[in-house]
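Peer 1: what would the 3D arrangement of this be:
(chains A, B and C, ligands or ions: 3)
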Amino acid sequence: MADLINSTGFLHGGDYNPDQWLKHPEILAQDYALMDQAHINTVTVGVFSWALLEPTEGSYNFAWLDYVFEKMNERHGHVILATPSGARPHWLSQTYPEVNRVDDHGQRHTHGFRHNHCYSSPVYREKVRQIDTALAKRYGNNPALIMWHISNEFSGACYCDLCQANWRSWLQRKYQTLAALNDAWCLSVWSGLYSDWSQVLPPSPLGETKVHGMDLDWKRFVTDMTIDFYGAEVAAVKAVTPELPCTTNFMAEASPQEGFTPLIGLDYAKFARHVDVVSWDSYPAWHNEHESIAETAMQTAYIHDQYWSLKQQPFLVMESTPSFVNWAQYNKPKQPGMHLLSSLQQIAHGSDSTLYFQIRQAWGNSEKYHGAVIGHDGSADNRVFQEVAQYGGQLEKLAAIKGATKKVRVAIVFDWDSNWALNRGGGFGRPTRLGLKTLQKHYAIFWQQDIACDIVPSTADLTRYDLVIAPMLYLMRPATMTKLQAYVAQGGTLVSSYFTGMVDEYDRVNLGGLPAPLRELFGIETRELDTLLPHEHYHVQYDQQTYATHDYDEVITATTATVLGTYQDNFYQGTPAVTVQATGAGYAYYLGARLDTEFLTEFYAPIIAKLKLANDFVTTPSEVVSCQTRYKNGQAYHFLMNFSTTPQTVELQRPSRNLLTDEAVGRTITLPKFGTAVLQA
Amino acid sequence: MADLINSTGFLHGGDYNPDQWLKHPEILAQDYALMDQAHINTVTVGVFSWALLEPTEGSYNFAWLDYVFEKMNERHGHVILATPSGARPHWLSQTYPEVNRVDDHGQRHTHGFRHNHCYSSPVYREKVRQIDTALAKRYGNNPALIMWHISNEFSGACYCDLCQANWRSWLQRKYQTLAALNDAWCLSVWSGLYSDWSQVLPPSPLGETKVHGMDLDWKRFVTDMTIDFYGAEVAAVKAVTPELPCTTNFMAEASPQEGFTPLIGLDYAKFARHVDVVSWDSYPAWHNEHESIAETAMQTAYIHDQYWSLKQQPFLVMESTPSFVNWAQYNKPKQPGMHLLSSLQQIAHGSDSTLYFQIRQAWGNSEKYHGAVIGHDGSADNRVFQEVAQYGGQLEKLAAIKGATKKVRVAIVFDWDSNWALNRGGGFGRPTRLGLKTLQKHYAIFWQQDIACDIVPSTADLTRYDLVIAPMLYLMRPATMTKLQAYVAQGGTLVSSYFTGMVDEYDRVNLGGLPAPLRELFGIETRELDTLLPHEHYHVQYDQQTYATHDYDEVITATTATVLGTYQDNFYQGTPAVTVQATGAGYAYYLGARLDTEFLTEFYAPIIAKLKLANDFVTTPSEVVSCQTRYKNGQAYHFLMNFSTTPQTVELQRPSRNLLTDEAVGRTITLPKFGTAVLQA
Amino acid sequence: MADLINSTGFLHGGDYNPDQWLKHPEILAQDYALMDQAHINTVTVGVFSWALLEPTEGSYNFAWLDYVFEKMNERHGHVILATPSGARPHWLSQTYPEVNRVDDHGQRHTHGFRHNHCYSSPVYREKVRQIDTALAKRYGNNPALIMWHISNEFSGACYCDLCQANWRSWLQRKYQTLAALNDAWCLSVWSGLYSDWSQVLPPSPLGETKVHGMDLDWKRFVTDMTIDFYGAEVAAVKAVTPELPCTTNFMAEASPQEGFTPLIGLDYAKFARHVDVVSWDSYPAWHNEHESIAETAMQTAYIHDQYWSLKQQPFLVMESTPSFVNWAQYNKPKQPGMHLLSSLQQIAHGSDSTLYFQIRQAWGNSEKYHGAVIGHDGSADNRVFQEVAQYGGQLEKLAAIKGATKKVRVAIVFDWDSNWALNRGGGFGRPTRLGLKTLQKHYAIFWQQDIACDIVPSTADLTRYDLVIAPMLYLMRPATMTKLQAYVAQGGTLVSSYFTGMVDEYDRVNLGGLPAPLRELFGIETRELDTLLPHEHYHVQYDQQTYATHDYDEVITATTATVLGTYQDNFYQGTPAVTVQATGAGYAYYLGARLDTEFLTEFYAPIIAKLKLANDFVTTPSEVVSCQTRYKNGQAYHFLMNFSTTPQTVELQRPSRNLLTDEAVGRTITLPKFGTAVLQA
Ligand SMILES: [Zn+2]
Ligand SMILES: [Zn+2]
Ligand SMILES: [Zn+2]
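Peer 2: Residues are numbered from 1 along each chain as shown, chains lettered A, B, ... in the order given. Ligands and ions are numbered 1, 2, ... in the order given. The predicted structure follows:
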């Protein structure tokens, strides 16, 4: 990684759009002066500059960009150069209307907005290749250039004839015969059997919306098409600059039900194999009314950890806001101190950068009220600017940590396609699927105790972990079952739950109940899954305490498993709710019911103790102070972060040095409201 | 009826889709063994089998279906054979795109989903005729075949050019001249006068959405088109099998406002004249959080009684679920005992069958989590299977009751077109029209007292009833007014209310206030209708008690009527709210205000007493135990059902014999939670 | 004005649609008899009569309209004649489909509904010109005709190719060069630069929805197109009847967030310059559940006052309901007395008419349950009719007041385009923009104290006012800033707030913080604007009291201003929240935070005292009794209105005469529930 990103310290800076100010040289000059004051060393340029870079087809205008490189080189700064395919010029949409997307109602869109080109269009791919090549040739050898930022925030899909043809080709490659497709999607239901490949259309509200297997494959196809388009751009720039790393900025999303989670629409585990460095745009909603600051921090930490896990190496935060966003219902600025806290959290979890959208706030148009380092007042005498500058200074003190790695012994398993299938199927409680929320509830137990977690796909190497948490792994391939068996047989500890192994990779139900490998592994049989109504709760007795169940009670029979918890009511009163089966040195736990944090805390306590997972630096972890650790050259760097509004005293195992203050720290440290420390010990 | 359905006992079974398992002969073999264990005697086949029956145009594949008939004949079972028009094959949509529906935005849909063909398309009708004829020729003489199941769950509409032409023809037949149409729809409003028939389009969000008369006629047209399409299919099969009865499965629907009600979209009173046997798909939401189990039971009973009333003969429950559905927000399985209770309720109210969707749970695709007799575990060692089998055994004990009739002295009047008009008009409280909910509130008074009710259209023969309840009969033809007058004059008791007789059959307001025949009948004049806000309530004093009014207070003047209840407040304080007028031996009651159950109970008590309507078997009816009675060959069969979770003791007028246990029953019987008994007395 | 409308007293009457009853001469005859009984002197005819007036292209049918004129002349009544362009005949849409609107999804609508023609279509304009000319020629000299009612309730937009071409022409005239347009809309954002005018499309969900400047200009364009269409109709009728005044009926709207407000979609300040008389359709929701009657009255008063202010002359209420509307969720009739109260309020605020929709209730179709003077009973023995008749009699007693003017010393500033921009931008709290609600909260302080207010655009002459209230004037042109400076310098008192002067006329942020003229005027600098969450409140100390803040706390620095109020908490504790700066005899107040009525009452009290704004007739104003005054020929006419359900006693400064009762009134008067008095003093 140190090789991949050519920087001696953390990247600090972000999206810079001088192209919005070309008629205002006094503003451009002020930009660089203020960037210097703010300890900014990196700018991302060109994300939305195509219309300026190529004002008419085939004629280029690079002068303004040359100037950016010149200024960044002057100050030994870095440039992350974007390919501009995220927003094409008007002339391109006008000359080649086929580059505009067709929506799922079959309607061709007109030019507007962004991130809405057809991924299949040969002419679009060619025009993108030309501008990418031109950029690579002009700036490929520029010393400031450290990385390619391919396009921007890939998402969505196109339903045009070309994309439909690609969809059919993709299916033909996957299934070979129409008979195989008819079987995989169970098309004898509702008279859906295809008799010719040409009959296969994409899912559409005007046509087919009900075939689960089709929906699942369509999502896989969209991921593959997106990667394919990304790959074409990478090929264009690597043809000129084979050594420069490429990335594209991943996203997260938020919903009232699931909370703040990785983007659900694209399989990033698959996509990550194609990027050199994972990067993402991080916009948690600090200071909201529906959760505590620590809860927001926990969810954000979860995403950082998942994106670390994608390549098991440092990632970049490609965008974040110095103050507020502009697209929420309530766009609250970060309170004083929150910027330092939330930015340091990025580094603590494995980011090698804090980058912002954006350096200077836009004058007008759609994002004019999105926060920026330099506000509309254009002044350094501005609370936001000053906190960014203060943070920039701190980052410089931490330069030695850049590229540091992590040591993780706990894995949580998440598969995008399993989650897609889980959410797609009818039955049970639709609003209460909550696959991601459930994973985060497990994660929170460890985050609160300062125990690092990875979040990995089921295809990952699990043998490196002492504990694997895989609840609600709804879609499961036989290989995964075998792998889990082997993992436990070799001494691993596994935690699973209701909604596990229910369907195959085509979203067909695994017939005969819980699949045999899982029956053996957990020593149970599953009987039926009771769906609880929102206000309906039953109870489980576990270790002499009673816990309320939510949403799902699975009725199970213990064949060889040991029963740890028992249902207390309903028609399954007295039957097993929580079981464990030992296999050699390994243990396979099964949670039949959805149980809340109070239970999970008690449940994981003996496992954490037995596996000696407890944090070895913080003596008494707190639910509102997080400790995350990075390692480099034999040194441990402990990041302490107070996600509360009151001072918190933390007891430590051994003395250390606070790199932010350059002061020695003894066996306790008190962090003020939103306070941080980076302790080398 | 005994002749119509060739079965010596109740039909037990349901939709069977072996076509989903043709590559799994071991599953097919297991199916029949398990069906035998579950006392299943009837399968409905072919509902969605067109793509398999006719894999390419004109070539048929009947082998798998032959096998079903063979196996059912082996066990002297029955087959209900569906025509497959509910879901056409892909090749048909592809070869003849005009068979796909056009929606009300003018957009032609592509293939997908189901129940979405154009009803007008000649080619679709011809292709359907061909496959129907082929099925009839092959299986028409098969001894197992007892009935045709025409298409499936008819609903919806098409707006294509062919359907538009039919719409205009339908209007031309009805109105003869454009001037008549302009008058009927009051088109001088908003400059809407047609000057040529070609200007008449269907209602559409892109065009006309405001003409009440058009909307009303469009709904009538859709019913007629649906019946016409159904009729074409009946003609095809009756050409080969003139003796076999035909049905199509009717539906019910649920809304937060109205509750569980008959389907609103099609005039089943009209449709029922065209079917030999009424059948319906019954999916009440047992165990929900917004009402008690008894309330769910009451609403379900209402629909059973309405569908009995459509032909005044036993109906069939064509579909129901052994456990849960898959399309609700929360798909809760039936609790132990609920399956026996809810299934027996069908028989109690006049069904001659309990049929399920479906025999074996689908492997994949849209309905894979809909409950079934045989679950994904494929096992008889399954709570759902065992309850189905237990119920199948019970049904065999009740075989003698099949075909039994009912004795009903109370009618509730419901007209589909009146309800359409009521809900369509602006004014008053839009969310508080609640025509169906209001009827069910009246019905509930009788259901709770075990007094049987019919629900009949205004065209029905009312002279057979001692009490006719017709509140909110908003759209009223002169013939109905005359009929109600005659009914009361001949000694009948009639209950009416606000929102009665307000419009004519074109949804034009009856000018001059309450129409003269109703003014005479009720002895009142109506002055104005006050609309109450949701939290606004006034009061009526009735028989020394005070009752709160809801939603509507009609201000009336009693001309010749006797005032029974008086408003207590508002500007109409002291004016009549409830009146009665005697005409000969008859009585015509008028309820000016919407009054709740507490009032209705008091209001109906003297009427029930006077007309001696009380149940003659149960001494003290309970709100949670229902008694329904069927009669055959001079025998009365009383079905007792405990719709509560606690044991209930019922006192009876005379000793009887419980056919389910073959035990004698004295003057009391105690039913456990969800308990049932069928008492021959 | 007295010249403009040729009437010796107030207009009383309204929309009359005899064209719906031509086959019922007995009804037509009854109409005039009942109108006479109801003291109706004016009918508005022909609004939706095109299909009848011109049944086939080019052939006219005026006989029925001749009869209306004849009957109105018989009784020396007035006719307001509508041009029928609001709803075209079917044949026109059929022959010339281009007259139908295209929606923002590019879909051409079919005939239906109303108010939905293309404003650009040359053929539509020509057909309208022909019918308008024919009407003008036939009735222009008729003594009954007093005014043209051009079309009806203009609103909405068309996106057809013709309208798109007009949009581009409009932009070319405004911006001259594409470069200027690119700059104005900040199109370098998201690669949006145009390279050819033909690339400019309207905003559309299928294309561009994010460009703030485009959205703002589109709304301006829609206003201009609407005025242009209106102007073409005016030209047609004025070519024949140059002396007759023209109007078109403006509208109001209601939302749960903003309450009852002027229509937001069209810039009526601009439109008003083109009408001879302002008229509007007033439909407040009396007797609702979310506010008191006084609050409904206050909002309605606000709109009356704004529409008065548009031309600073008497306006007309063109439509109102005698009882209820038909399009709300709950259409509650006015309670007894409310009709007299709410109608008199129109006159009190400057209307010279009370006109209804409509004289006779429609027989059928969309508006059949909209209230009318003559109901479906066709009877004078009807509460609604009697109250209308009583009110008509009262109006005749007030005839001398017709044309009277108002004396207003307080202005509230409202610009349509500023409000559009305010609501469009992202950032801050989207549901809490509430620009109109905020103005009404300021207005309410004055309304409750019986102090008259104008609501004027920023282009108005402000020097006539002693107090100018301009909070949240978000979009501000330099000329406005200069004007406000001059206003204060000349001794005016100005009240402003957060969200002021933030953007220029292109919705581009004013760079450098608060613009210099405003910094000087208020003596402050703005630092940042904290957005509060819905349940988040901080506090301001002002004059020894503490007040909660809502939604917005602006952090400001007082440079030369005097600090009147100070934040009590959060990171801006102790900083200024309310300031004032004196400039000569003038004062410029700035409210940094959104503060509620309790604060505003205290805040305005010393200003009202200092400027001697208090009502000079009512001694102790009440929150539920309103006093509004009109002046004519040296006489003052005080309208007292009790907007509560209990009697209210009002103390008066001097004796007077109640014109409604022709009685002398001393120093007090007691108004019953909903009671009114018109006191000449
Ligand atoms: Zn495409
Ligand atoms: Zn059709
Ligand atoms: Zn147009």
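Peer 1: next one: the lengthiest helix in chain A to chain centre, how far?
Peer 2: If you go by DSSP state H, chain A has its longest helix at helix A:212-238. Relative to its chain's centre, helix A:212-238 lies at 17 Å (C-alpha atoms, centre = their mean, to the nearest Å).
Peer 1: and after that helix, which helix or strand comes next?
Peer 2: Sequence order places strand A:246-247 as the next helix or strand after helix A:212-238, per DSSP states H and E.
Peer 1: neighbouring strands for that following strand, and are they parallel or not?
Peer 2: According to DSSP bridges, strand A:246-247 forms sheet pairs with strand A:145-149 (parallel).
Peer 1: what's the mean pLDDT across the strand it pairs with?
Peer 2: What strand A:145-149 shows for mean pLDDT is 98.
Peer 1: my read: A:Asp36 touches A:Arg75, true?
Peer 2: Yes - with contacts counted by C-beta atoms under 8 Å, A:Asp36 reaches A:Arg75, the gap being 6.6 Å. For glycine as for every other residue, the C-beta is placed from the backbone atoms N, C-alpha and C.
Peer 1: any idea how chain A splits into domains?
Peer 2: Per the TED database, the domain ranges recorded for chain A read A:410-611, A:625-680.
Peer 1: between the two ends of the last one, how far is it?
Peer 2: This points to domain A:625-680. End-to-end span of domain A:625-680 (C-alpha to C-alpha, to the nearest Å): 17 Å.
Peer 1: check whether it comes near chain C.
Peer 2: No - Domain A:625-680 does not reach chain C (C-beta under 8 Å from any C-beta of the partner chain); its nearest approach is 10.8 Å.
Peer 1: next one: that domain to chain centre, how far?
Peer 2: Centre to centre, stretch against its chain (C-alpha atoms, centre = their mean), the figure for domain A:625-680 is 26 Å.
Peer 1: one more: stretch A:415-422?
Peer 2: With C-alpha atoms, centre = their mean, you get 15 Å for stretch A:415-422.
Peer 1: cool, stretch A:406-420 as well?
Peer 2: On C-alpha atoms, centre = their mean, the centre of stretch A:406-420 falls 11 Å from the chain's centre.
Peer 1: quick one: buried residues of that stretch?
Peer 2: A:406, A:408, A:410-420 (16 or more other C-beta atoms under 10 Å in any protein chain shown).
Peer 1: which residues of the stretch 101-250 of chain A fall in helices?
Peer 2: Applying DSSP state H, counting those that start in this stretch to the stretch 101-250 of chain A gives helices spanning A:122-139, A:161-175, A:178-184, A:212-238.
Peer 1: and these as a markdown table, adding mean neighbour count and mean pLDDT?
Peer 2: Below are those laid out as a markdown table (neighbours: other C-beta atoms under 10 Å in any protein chain shown; pLDDT from 0 to 100):
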| stretch | mean neighbour count | mean pLDDT |
| --- | --- | --- |
| helix A:122-139 | 19 | 98 |
| helix A:161-175 | 16 | 98 |
| helix A:178-184 | 17 | 98 |
| helix A:212-238 | 21 | 98 |
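Peer 1: isn't A:Pro245 up against A:Leu81?
Peer 2: No - A:Pro245 lies out of contact with A:Leu81 (C-beta under 8 Å); the separation is 11.6 Å.
Peer 1: who's more crowded, those two?
Peer 2: Neighbours per residue, other C-beta atoms under 10 Å in any protein chain shown: of A:Pro245 and A:Leu81, the larger number sits with A:Leu81, 30 against 19.
Peer 1: now do the strand or helix carrying that one and strand A:145-149, the angle between them.
Peer 2: Assigned by DSSP H and E, A:Leu81 falls within strand A:78-82. For strand A:78-82 against strand A:145-149, the angle by axes from the mean of the first three to the mean of the last three C-alpha atoms, to 10 degrees is 30 degrees.
Peer 1: now the angle from strand A:78-82 to helix A:122-139?
Peer 2: 160 degrees.
Peer 1: any idea of the mean pLDDT for strand A:78-82?
Peer 2: 98.
Peer 1: list the strands paired with that strand, with their directions.
Peer 2: Counting by DSSP bridges, strand A:78-82 is paired with strand A:42-45 (parallel), strand A:145-149 (parallel).
Peer 1: give me the contact list for whichever helix or strand comes after it.
Peer 2: Remark: after strand A:78-82, the chain's next helix or strand is helix A:90-95, criterion DSSP H and E. Outside helix A:90-95, the residues that touch it by C-beta atoms under 8 Å, 6 or more residues apart in numbering or on different chains are A:50-51, A:56-57, A:99-100, A:110-111, A:124, A:127, C:192-196, C:198-199.
Peer 1: which among those count as buried?
Peer 2: Counted by 16+ other C-beta under 10 Å, those give A:50-51, A:99-100, A:110-111, A:124, A:127, C:192-195, C:199 as buried.
Peer 1: so which pair among those is furthest apart in space?
Peer 2: Spanning the widest gap among the buried ones among the contacts of helix A:90-95 are A:Tyr124 and C:Tyr194, at 19.6 Å by C-beta to C-beta.
Peer 1: relative to chain B, which residue of the stretch 301-450 of chain A is the closest?
Peer 2: A:Gly427 (2.6 Å; C-beta to the nearest C-beta).
Peer 1: distance check, that residue against chain C.
Peer 2: A:Gly427 is 34 Å from chain C, where distance means C-beta to the nearest C-beta, to the nearest Å.
Peer 1: does that residue touch B:Ala372 like I think?
Peer 2: No - the criterion here is C-beta under 8 Å, and A:Gly427 misses it with B:Ala372 at 11.8 Å.
Peer 1: who has more neighbours, those two?
Peer 2: Between A:Gly427 and B:Ala372, counting by other C-beta under 10 Å, B:Ala372 is the more crowded of the two (26 against 19).
Peer 1: who are the contact partners of that one?
Peer 2: B:Pro322, B:Ser323, B:Tyr356, B:Phe357, B:Gln358, B:Ile359, B:Arg360, B:Gln361, B:Ala362, B:Val384.
Peer 1: which SSE is it in?
Peer 2: Counting by DSSP H and E, B:Ala372 is found in no helix or strand.
Peer 1: now do the phi/psi pair for it.
Peer 2: phi -150, psi 160 (degrees, to the nearest 10).
Peer 1: okay, buried residues for stretch A:250-268 please.
Peer 2: The neighbour-count check on stretch A:250-268 (16+ other C-beta under 10 Å) flags A:250-253, A:258-268 as buried.
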